[in-house]
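Q: From the sequence below, what's the structure:
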Amino acid sequence: MHEEINPWSSQAAPDAERIFAEFGIEPLGSLADRIRDPPPFFRRGIIVGHRDYAPIAAAMEQQSPFHVLTGFMPSGHPHLGHLMVMKEVVWHVQRGGTGYVAVADREAHAVRHIPWDKCREFGKEYLLCLYALGFTGTAYAQSTNEKLKDLAFEAATRVNFSDLSAIYGFSQDTGLAHAMSVITQVADILYPQLDAGPAPTIVPVGVDQDPHIRLTRDVAHKLRMFTVEQREGLVSVRSKEAPAEALQAVADAFAGSRQYEGHVDVPGGDLAAVAETVRSIERAHGGFGFITPSSTYHLFMPGLQGGKMSSSVPESSFSFAEPADSVKKKVMNALTGGRMTKEEQQRLGGEPDRCPVYQLNRFHVAEDDCELAEIREACLAGRLLCGTCKKQTYARVNTFLCDFKERMDAVRHRVEDVYGPDTQ
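A: Numbers count the residues shown, from 1 in each chain. Okay, here's the model as predicted:
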């Protein structure tokens, strides 16, 4: 029996390798070789798994349409733990994706009991960070998106509580609003295709968010009118309670097709071409025609004190508006992969792979791969002591934060598009 993954937990991050094996997440493998000019999170092995990323890689290669979406629960100030997903979304937009960002205020209110005014305040901060990083596209708050709410209701017709119990471990004590927030997140993932038309959609997440991906992929399939399957010598289009006129339109669209009760066979048909025609027919008859969304999975950057980085553990991270002296204190007091004494460090070398300070460099602040390699090698050889490494790392952090704050100030006006002109 699978162990449930809790997307709302602030405990230690789940074992990615075990989760991949249990839930069928594929290692990135050779797909990484298809990425032209890969960014650091691909080059440094931070993105480690995927569900169906090949259509996204193909869309970037062919410069064909695709969407990229992420969502943020505004339960606190944005911090380092959110930065990786933000970078992934912005990079996919820069590679041609149509960008979407959901401020998951309904989730924050339902699960964390965050007041609506605080959801709004924190939501503004998340959008400021995204715009400062270069995000362009559509951003919205769940609570004010009426089309999203309608889509969530439609998605809910394909989900029952036994599904939620199996995926999330929900019980009779789970609040109804919590369950509703899950369905809203399903709608978030499908919303780009409702808004801009069916296209491959990539959702970058940590492995703890995979339950949302699995549920959404299942719902996307259930909301289709037809399945299109390759059979020996033919493509079979099979109705899933599609209107009779839609099935007839499928038969009429392909010369030489054979129509039966509940399905149409297309001898010698090309699977991709047939699927695209069927999708168009489905949409013309009131269906969604969703393409099953894809996902990537990144490693978790450990908290500065080890364990999972979380807003509920202030010393595990720092926010982007935090005073410099507070940030410096947290970096200088961070856990390291160093030895007990200077002599042992010089003799045995450090352990950068379990060091939050090294991982801070790897994930975010050491921009040059050669510089990062030098940090790692000097640590392993015992030439770089932890105190020196922390000072150098803080200098990089401070440079990053000063630049980031300037960029946030420059784009503050863009938040008005989502939250109105009262943005501070």
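
Q: pLDDT averaged over stretch 229-245 - what is it?
A: Averaging the model's pLDDT scores along stretch 229-245 yields 96.

Q: Ok, stretch 52-68 next?
A: 97.

Q: what do you get for stretch 28-35?
A: For stretch 28-35, the per-residue pLDDT averages 89.

Q: Can you give me the buried ones in that stretch?
A: For stretch 28-35, burial by neighbour count (16 or more other Cβ atoms under 10 Å) applies to 28, 31, 32, 35. Bear in mind the C-beta positions are built from the backbone N, C-alpha and C, glycine included.

Q: can you list contacts of that stretch?
A: The contact list for stretch 28-35 (Cβ atoms under 8 Å, 6 or more residues apart in numbering) reads 38, 42, 47, 48, 49, 50, 53, 54, 57, 60, 61, 296.

Q: Of those residues, just say which sits nearest to residue 356.
A: Set against residue 356, the nearest of these by Cβ to Cβ is residue 48 (18.4 Å).

Q: What is the neighbour count of that closest one?
A: For residue 48, the count of nearby residues is 19 (other Cβ atoms under 10 Å).

Q: before we move on, which element is it in?
A: strand 47-51 (DSSP states H and E).

Q: next one: residue 237
A: Using DSSP H and E, residue 237 falls in strand 234-239.

Q: Name the next helix or strand downstream of that strand, please.
A: helix 244-253.

Q: show me where the stretch 301-424 of the chain has helices.
A: Secondary structure of the stretch 301-424 of the chain by DSSP state H, counting those that start in this stretch: the helices cover 324-332, 342-348, 356-360, 369-381, 386-411, 416-419.

Q: Can you pull out the low-pLDDT segments for this protein?
A: Counting by pLDDT under 70, the chain contains low-confidence ranges at 1-17, 422-424.

Q: and it, what are its domains?
A: Split into domains by the TED database, the chain comes to 14-223+293-298, 226-285, 324-419.

Q: before we move on, the earlier item: now the buried residues of stretch 28-35 in a markdown table, with distance to residue 136 and secondary structure?
A: Formatted as a markdown table, those follow (distance: Cβ to Cβ, whole Å; DSSP: H, G, I helix; E, B strand; the rest coil):
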| residue | distance to residue 136 | secondary structure |
| --- | --- | --- |
| 28 | 26 | coil |
| 31 | 25 | helix |
| 32 | 25 | helix |
| 35 | 21 | coil |
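
Q: if we can go back for a sec, what's the strand holding residue 48 packed up against?
A: Using 3 or more Cβ pairs under 8 Å, 6 or more residues apart in numbering; DSSP states H and E, the elements in contact with strand 47-51 are helix 16-23, strand 26-27, strand 294-298.

Q: out of those, nearest to residue 277?
A: Using Cβ to Cβ, the helices and strands packed on strand 47-51 put strand 294-298 closest to residue 277, at 22.2 Å.

Q: That closest one to helix 16-23, inter-axis angle?
A: Per axes from the mean of the first three to the mean of the last three Cα atoms, to 10 degrees, the angle that strand 294-298 makes with helix 16-23 is 150 degrees.

Q: Partner strands of strand 294-298 and their direction?
A: When sheet partners are counted by DSSP bridges, strand 294-298 sits next to strand 47-51 (antiparallel), strand 201-206 (parallel).

Q: Nearest to residue 383 among those strands would be which one?
A: Judging the strands paired with strand 294-298 by Cβ to Cβ, what sits closest to residue 383 is strand 47-51, at 29.5 Å.

Q: Just the C-alphas of stretch 388-396, formatted as PDB.
A: Output of stretch 388-396 as PDB, limited to C-alpha atoms (Å, rounded to 0.1, in the frame of the first residue of the first chain):
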ATOM      1  CA  THR A 388      35.100  31.500   5.800                       C
ATOM      2  CA  CYS A 389      32.500  29.800   3.600                       C
ATOM      3  CA  LYS A 390      29.700  31.400   5.600                       C
ATOM      4  CA  LYS A 391      31.200  34.900   5.200                       C
ATOM      5  CA  GLN A 392      31.600  34.400   1.500                       C
ATOM      6  CA  THR A 393      28.200  32.900   1.100                       C
ATOM      7  CA  TYR A 394      26.600  35.800   3.000                       C
ATOM      8  CA  ALA A 395      28.300  38.300   0.700                       C
ATOM      9  CA  ARG A 396      26.700  36.500  -2.300                       C
END
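
Q: Which parts of that stretch count as buried, going by neighbours?
A: If you call a residue buried by 16+ other Cβ under 10 Å, then stretch 388-396 has these buried ones: 389, 390, 392, 393, 394, 396.
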